[in-house]
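Engineer: here's my sequence, what's the structure:
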Amino acid sequence: MNNSQQRGTDRSAARRAELISIGRKLFADTSYDALSMDDIAKQAGVAKGLIYYYFKSKRGYYLAIIEDSVADLVARAGRHDDLPPVDRVQRTIDGYLRYAEHHQAAYRAIISGGVGFDAEVLAIRDGVREAVIGTIAEGIYGRKDIPCLARTALLGWVCSVEGVTLDWIGHRGLPRETVRDLLVRTLGDTLRVIEDFEPSYPAPSRP
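Structural biologist: Numbers count the residues shown, from 1 in each chain. A predicted model of the protein is given here:
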């Protein structure tokens, strides 16, 4: 690829990223069904054809926005590799809650499937779950490849985290720190159950 082609590719990638950033703001407080492509183009200040060029359809555009949000969520949750295991897990959960608190529409779409319960939307949500399980497993056990029982138990905990988080951002009756500590405690209980079934995967000591 020559320099001219590279510049064109870079500009295209930057334009696509800009449209995704605009879309995240547009969908922050407005549901998928409530915005037409004409509305999106008008509020974004671009020609509708440009959105079709990069994303093929409204659904393609929305999925790109959700995938970008997922990348942001996973990055925020997993950026504490320099901490001891217990502190790393606590920061991971806190980062997860902070994301949900400040990006409520995106979080609800990631977890609830804002464009319908089809295979592609479910795959995005499942990718988030696997990433969180991997982050927790690496933080506690120093490895992501864990026994099936341990993974199943952690998946159950992650699903409970989703329910608690959705309820919390919907009602906001508790401070974030309380919700974080609640989830940390329930994770500790899950890890001790895992240890009962898999003694070679011990739970960390209570702080």
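Engineer: in this structure, where is pLDDT below threshold?
Structural biologist: 1-8, 28-29, 77-83, 85, 113-118, 206-207 (pLDDT under 70).
Engineer: residue ranges of the helices in it, please?
Structural biologist: 3-26, 37-44, 48-55, 58-77, 85-102, 104-112, 119-141, 148-171, 176-197 (DSSP state H).
Engineer: mind checking those for the one nearest to Ser205?
Structural biologist: helix 85-102 (8.4 Å; CB to CB). To be clear about C-beta, it is placed using only N, CA and C from the backbone, and glycine gets the same treatment.
Engineer: compute the first-to-last residue distance for stretch 52-65.
Structural biologist: In stretch 52-65, first residue to last residue: 14 Å (CA to CA, to the nearest Å).
Engineer: quick one: distance of that stretch to the chain centre.
Structural biologist: 19 Å (CA atoms, centre = their mean, to the nearest Å).
Engineer: swap in stretch 179-198?
Structural biologist: 21 Å.
Engineer: picking up where we left off before, same list (the helices of the chain) but as CSV, adding distance to Pro204 and mean neighbour count.
Structural biologist: Formatted as CSV, those follow (distance: least, CB to CB, whole Å; neighbours: other CB atoms under 10 Å):
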stretch, distance to Pro204, mean neighbour count
helix 3-26, 36, 13
helix 37-44, 47, 14
helix 48-55, 44, 16
helix 58-77, 19, 18
helix 85-102, 5, 19
helix 104-112, 27, 19
helix 119-141, 6, 18
helix 148-171, 14, 16
helix 176-197, 7, 16
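Engineer: Throw these into TSV and include distance to Ser205, thanks.
Structural biologist: Shown next, in TSV, are the helices of the chain (distance: least, CB to CB, whole Å):
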stretch	distance to Ser205
helix 3-26	41
helix 37-44	52
helix 48-55	49
helix 58-77	23
helix 85-102	8
helix 104-112	32
helix 119-141	12
helix 148-171	18
helix 176-197	10
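Engineer: please report phi then psi for Pro204.
Structural biologist: Per-residue torsions, Pro204: phi -70, psi 160 (degrees, to the nearest 10).
Engineer: once you drop chain neighbours, what's closest to it?
Structural biologist: Using CB to CB, 6 or more residues apart in numbering and skipping the chain neighbours, the partner closest in space to Pro204 is Val86 (5.5 Å).
Engineer: circling back to that earlier point, out of the helices of the chain, which is closest to Ala203?
Structural biologist: Here helix 176-197 is closest among these (CB to CB), at 3.7 Å.
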